[in-house]
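> have a look; sequence and predicted model below, questions after that.
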Amino acid sequence: MAPPARRVVRAALASVASLVTVHCRPVTRIQTTWGNDFLSGDSPRRLPVDAIGEDGKVVTQLRGSVRVVDSNVATLERGLLTPRASGASPLVISIGDARVKVAVVVHELVERFDNLTPAQRHVAIPLRLALRDTLHFLVPAGTSG
């Protein structure tokens with residue numbers, strides 16, 4: 001594989017100009033967790049992100065962006081993903097020409113499924129099962145899909 005590309009460009013501001021060497025480290029793909037599921041009140045978690053170069057190795061000198069589309073659901077600061085409120089939002093990572101979109105879902109903890117409001121779309125129920133236990137319960141009509 002060829003070494004990273006280098007280009008010399010002229011940078012100018014008013015009457016001051018200089019030649020600057022620019023190093024290019026192409027990213028072919030981004031690796032991260034595909035699902036980021038939380039319960040309301042969970043602690044922040046580090047978001048793992050690896051940028052993979054043409055040679056299949058991790059590229060460490062990067063420029064890009066990571067953002068949670070709906071900051072009411074979760075926020076991202078200094079690599080920590082923090083749940084804020086029940087809901088779902090895409091998280092978009094862009095590095096060079098590579099881009100990936102993954103889900104962030106924050107579930108509201110509820111005691112039962114049969115008294116939910118239409119606004120309660122992302123819920124979880126606490127379960128405790130012993131080895132070989134089985135639990136059956138009905139999910140209310142209109143909640144699939």
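Perfect, thanks for sending it.

> what's the lowest-mean-pLDDT helix or strand in the chain in contact with?
Least confident helix or strand, the chain: strand 5-13 with a mean of 83, by mean pLDDT, DSSP states H and E. By Cβ atoms under 8 Å, 6 or more residues apart in numbering, the residues outside strand 5-13 that reach it are 17-24, 26. Every residue, glycine included, has its C-beta placed from N, CA and C.

> most surrounded residue in those residues?
Counting neighbours by other Cβ atoms under 10 Å, the top entry in these is residue 26, with 15 neighbours.

> what's the closest non-adjacent residue to it?
In space, and not counting its chain neighbours, residue 26 is closest to residue 54: 5.5 Å by Cβ to Cβ, 6 or more residues apart in numbering.

> how many residues are close by the one you found?
13.

> right, and it touches residue 24 too?
No - at 10.8 Å, residue 54 does not count as touching residue 24 under the criterion of Cβ atoms under 8 Å.

> pull the longest strand from this structure.
strand 98-109 (DSSP state E).

> roughly how far is that strand from the heart of the chain?
Remark: strand 98-109 is offset 6 Å from the chain centroid, using Cα atoms, centre = their mean, to the nearest Å.

> please apply the same query to stretch 110-119.
Using Cα atoms, centre = their mean, the offset of stretch 110-119 from its chain centre is 27 Å.

> now the end-to-end length of that stretch.
13 Å (Cα to Cα, to the nearest Å).

> contacting residues for the nearest residue to residue 34 once chain neighbours are set aside?
With sequence-adjacent residues excluded and distances taken as Cβ to Cβ, 6+ apart, residue 34 is closest to residue 102, at 5.4 Å. Neighbouring residues of residue 102 by Cβ under 8 Å, 6+ apart: 32-36, 90-91, 93.
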